[in-house]
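J.: the following block contains a protein sequence and its predicted model.
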Amino acid sequence: MLDLFSDSQDDVYKPTISEEELSDAEVLIELAQIKEELKDRVVVLGHHYQQDDVIAFADITGDSLQLAREAAKLSKEYIIFCGVHFMAETADMLTSSNQKVILPDLKAGCSMADMARKSEIDRAWSFILKSTQKKVIPVTYINCAATLKAFVGENGGSICTSSNAEKVISWALSQGEKLLFFPDQHLGRNTCFKMGIPLEDMVVYNPNMQNGGLTSEQVEKARVILWYGFCSVHQGFTKEQVKTIKANNPQMNVIVHPECPFEVVQASDDNGSTSYIIDKVDKAPSGSEFAIGTEINLVNRLAASYPDKKIVSLSPYQCLCTTMYRVRPRWLLASFRAIKDNKPINIISVPEDIARSSLKALDRMLAIK
Ligand code: SF4
């Protein structure tokens, strides 16, 4: 039996529509027909990082929280979430019990979310609490499994997004004396530094090392404990790429996502969440030039949507989220066919107790002004 709440994801079920059965072009034709046929029962959500062939079938596009909150306002029976696993979990927690959330390919995970497992967080928490008498508030980036959201819900903490990380961290440090931030070290470090916390007050807990590679004295001295996680897409951008772009095109605005390493964010002109980047490009006058450090599908879509502006990727390499890319039109079609046959597949369902605790953390985040 498939157990998505265990640490193992080996027994994942995958639907298949082979290339022998349908060509890529035939898949798109059938998708258009079946989507129209099921339009009263199904809504398709598409994350900004999805490929164009998938976005073409999305009723709503956005970032993960935005999509989950939109889904909660809809009454459709099925929500097909073209994104990754943790996003579909969040949507399931926010939608009603008679709605079903489907992830077209269950192997569409997130490398960053996979870098923090519940058992590792439990071990770290117990070491940290043994090392200090000071109050520690846990904050998790929304890019994590529901079990971790539940952990912060039960331990007085909050979830954050890349848009509100500063507000949430400042709330956390007003509630306690120390912050444990997971799973993305870069978002944590970049945000805390922006808030005036020096790098010397931050340590990194590496779950692959004994006690995270830290001594109790280091934990006691630090104000911020960052988990050793990162996004494999955003970690790939370098300070040298920023320098090269600036040397060749001094007029170019370099704007990066805060999941990028500290030195990249420091070298860039600006940084912010996906929504912030989209908004910046949208509001810039015609003729503006941007080199953007985020997932390539979004950068390419921005370039196509704003032909009056010059928009390029900061990196000469393909910065593609390969797990997002697992959601292909043929997986989407398989999800639609299964709904039509009344045998829906790949339903993401968060157990009630985990959802309840996660929602505590989410509600705390939403209450932070
Ligand atoms: S872009 Fe990075 S953080 Fe986002 S889903 Fe892909 S691996 Fe995870």
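T.: Happy to help now that I have it.
J.: show me where the protein has strands.
T.: 42-47, 60-62, 78-82, 100-102, 136-141, 158-160, 178-182, 202-205, 224-227, 253-256, 270-271, 289-293, 310-313, 347-348 (DSSP state E).
J.: how is the protein carved up into domains?
T.: Per the record, the chain has its domains at 24-110+323-350, 113-231, 234-313, by automatic domain parsing.
J.: quick check: end-to-end length of the first one?
T.: The distance separating the two terminal residues of domain 24-110+323-350, taken as Cα to Cα, to the nearest Å, comes to 33 Å.
J.: lowest-pLDDT helix or strand in the protein?
T.: helix 64-73 (a mean of 86; mean pLDDT, DSSP states H and E).
J.: ok, and what's touching that helix?
T.: Identification of contacts with helix 64-73 by Cβ atoms under 8 Å, 6 or more residues apart in numbering yields 43, 45-47, 60-62, 79, 81, 83, 86-87, 90-91, 93-95, 99, 101, 142-143, 161, 275. Where C-beta positions appear, they are placed from N, C-alpha and C, glycine not excepted.
J.: now do the contacts for residue 173.
T.: Contacts of residue 173 (Cβ under 8 Å, 6+ apart): 137, 179, 223.
J.: quick one: the residue positioned nearest the centre of the chain from the ligand, how far?
T.: In the chain, the centroid-proximal residue (Cα atoms, centre = their mean) is residue 143; its distance is 4.0 Å. Distance of residue 143 to the ligand, given as Cβ to the nearest ligand atom, to the nearest Å: 5 Å.
J.: residues contacting that residue?
T.: Taking Cβ under 8 Å, 6+ apart, one finds 64, 86, 110, 112-113, 183-184, 231 in contact with residue 143.
J.: go on, residue 246?
T.: 252, 254.
J.: specify the beta-bridge partners of residue 184.
T.: With DSSP bridges as the criterion, residue 184 is bridged to residue 229.
J.: just give the number of residues close to it.
T.: Using other Cβ atoms under 10 Å, residue 184 is surrounded by 30 other residues.
J.: coming back round to it: which one of the contacts of residue 173 is nearest to residue 39?
T.: residue 137 (44.4 Å; Cβ to Cβ).
J.: can you give me every residue that contacts the closest one?
T.: 156-158, 172-173, 175-176, 178-180.
J.: find the residue closest to residue 86 in space, skipping its chain neighbours.
T.: Excluding the flanking residues, the one nearest residue 86 by Cβ to Cβ, 6 or more residues apart in numbering is residue 113, at 4.9 Å.
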